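Structure of the sequence below:
(3 chains)
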Amino acid sequence: MPELPEVEVVRRGLAEHAAGRAVTAVDVFHDRAVRRHVPGAVDFAGRIVGTTLTAARRRGKYLWLDLSSGEAVLAHLGMSGQLLVQPPGTPDEKHLRVRFTFADGGPELRFVDQRTFGGLSVEETTEVDGATLPLPVAHIARDPMDPRFDPDAAVAALRRKRTEVKRALLDQTLVSGIGNIYADEALWRAKLHWARPTDKLSRAKAAELLGAATDVMDAALRVGGTSFDALYVNVNGQSGYFDRSLNAYGQEGEPCPRCGRPIRREPFMNRSSFSCPRCQPHPAGFSL
DNA sequence: CGAATACCCTGGCGGC
DNA sequence: TGCCGCCAGGGTATTC
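Below you'll find the predicted structure:
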């Protein structure tokens, strides 16, 4: 699933292959892909055609292309969204939702999304704490790769919560970019069980956890960055090659790389959480 | 008001 | 072999 490192790979691809190009046509093949664009698909296309894509930007898992009109095309990949750069004439992907065609006659930009949790919209931008953001992103916190990310403020925000630590890690208004995969990897590195109460974490432990999340996403970006080529803006919305480096996520029954005990899987928020029973013991009073 | 839950989707895959 | 049901899960609206 695309989390921060995967979305950053896509952003870099767009910066290289889409920025600076003038759009001559936008075709929407599935209305659900633009459902967040309230005025509808025709308005969506009309606001983009005739403009030039001027830059590719990102905050957390949100991605957007600045338009020469002053608006921005906002994208969220959801679970299965891809942005692909494809030569004209390439057969349509089975789940092709939106196609951008350019004045230079070069490669098309295609939004492909099997499960349609992702989508595109054209948005106005606003200033928030010195950053220019599309309106729906205004409430999203800076992510750990943001040059102006404030680790101390993030630690304080995390510890102010009255909830389980993994819920807080996934809360995009505290720190953005972390999803289920990197949350489990960060918790494993910090030797914390996902149900530990946030407000009982020491400042140092919370800082260690956020540092671990930052490190694991940095490592994933370095690996994911090697696996896209000129045609594909991203890596199929998957984790790139980083899945080979996962210590906990998806590793149920596999030995913990640190202590050898089999990794367990527990239900969490209608999905799964993976942890080591020895390195990440249940908090006091925990029961499933 | 903050926290927790429901819901939106589709296809791959395990099991029978 | 075919089909049923489970599972993946981020963000937002709704409920508690």
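
residue in the stretch 51-200 of chain A nearest to DNA strand B?
Going by C-beta to the nearest atom of the strand, DNA strand B is nearest to A:Thr163 of the stretch 51-200 of chain A, at 3.4 Å. Just so you know, the C-beta spots here come from the backbone N, C-alpha and C atoms, and that holds for glycine as well.

How about that residue, nearest residue that isn't a chain neighbour?
A:Thr198 (5.6 Å; C-beta to C-beta, 6 or more residues apart in numbering).

next one: A:His30
Using C-beta to C-beta, 6+ apart, the closest residue to A:His30 is A:Arg97 (4.5 Å).

In which helix or strand does that neighbour reside?
Per DSSP states H and E: A:Arg97 is located in strand A:96-102.

Can you tell me the number of residues neighbouring A:Glu124?
9 (other C-beta atoms under 10 Å).

Verify the contact between it and A:Pro134 for me.
Yes. Using C-beta atoms under 8 Å, A:Glu124 makes contact with A:Pro134 at a distance of 7.3 Å.

Overlap in contacts, the two.
A:Ala72 (C-beta atoms under 8 Å, 6 or more residues apart in numbering).

And A:Ala204, how far from DNA strand B?
Shown here: A:Ala204 relative to DNA strand B, a distance of 21 Å by C-beta to the nearest atom of the strand, to the nearest Å.

Could you count how many residues lie near that residue?
Applying other C-beta under 10 Å, we find 9 residues neighbouring A:Ala204.

before we move on, which element is it in?
Using DSSP H and E, A:Ala204 falls in helix A:203-224.

circling back: which elements pack onto the strand holding A:Arg97?
Counting contacts by 3 or more C-beta pairs under 8 Å, 6 or more residues apart in numbering; DSSP states H and E, strand A:96-102 packs against strand A:23-28, strand A:108-113.

Redo these as TSV? Include mean neighbour count and mean pLDDT.
Output for those, formatted as TSV (neighbours: other C-beta atoms under 10 Å; pLDDT from 0 to 100):
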stretch	mean neighbour count	mean pLDDT
strand A:23-28	17	97
strand A:108-113	23	93
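
Figure out which of those is closest to A:Leu169.
The minimum distance between A:Leu169 and these falls on strand A:108-113, with 25.4 Å, by C-beta to C-beta.

Parallel or antiparallel, which strands does that closest one pair with?
The strands beside strand A:108-113 in its sheet (DSSP bridges) come out as strand A:81-86 (antiparallel), strand A:96-102 (antiparallel).

Following that strand in sequence, what is the next regular element?
Following strand A:108-113 in sequence, per DSSP H and E, is strand A:119-123.

thinking again about what came up before, chain center to the helix holding A:Ala204: distance?
In terms of C-alpha atoms, centre = their mean, to the nearest Å, the centre of helix A:203-224 is found 15 Å from the chain centre.

With stretch A:56-71 instead?
Per C-alpha atoms, centre = their mean, the centroid offset for stretch A:56-71 relative to its chain is 14 Å.

Report the buried residues of it.
The neighbour-count check on stretch A:56-71 (16 or more other C-beta atoms under 10 Å) flags A:56-67, A:71 as buried.

hmm, it in reach of DNA strand B?
No. Stretch A:56-71 lies out of reach of DNA strand B by C-beta under 7 Å from any atom of the strand, never closer than 14.8 Å.

do that stretch and DNA strand C meet?
Yes. Interface with DNA strand C: stretch A:56-71 contributes A:60-62 (C-beta under 7 Å from any atom of the strand).

from those, which ones fall inside helices?
Judged by DSSP state H, helices contain none of these.

Confirm for me that A:Pro144 is in contact with A:Leu209.
No. Contact criterion C-beta under 8 Å: A:Pro144 and A:Leu209 do not qualify, at 11.5 Å.

Tell me which of the two has more neighbours.
Using other C-beta under 10 Å as the criterion, A:Pro144 and A:Leu209 rank with A:Leu209 on top: 25 against 20.

Does the more buried one touch A:Ala190 like I think?
Yes. A:Leu209 is within contact range of A:Ala190, at 4.3 Å (criterion: C-beta under 8 Å).

From A:Arg261, how far off is the closest residue to A:Asp143 other than its chain neighbours?
Distance criterion C-beta to C-beta, 6+ apart; nearest residue to A:Asp143, sequence neighbours excluded, is A:Gly177 at 3.7 Å. Separation of A:Gly177 from A:Arg261 (C-beta to C-beta, to the nearest Å): 29 Å.
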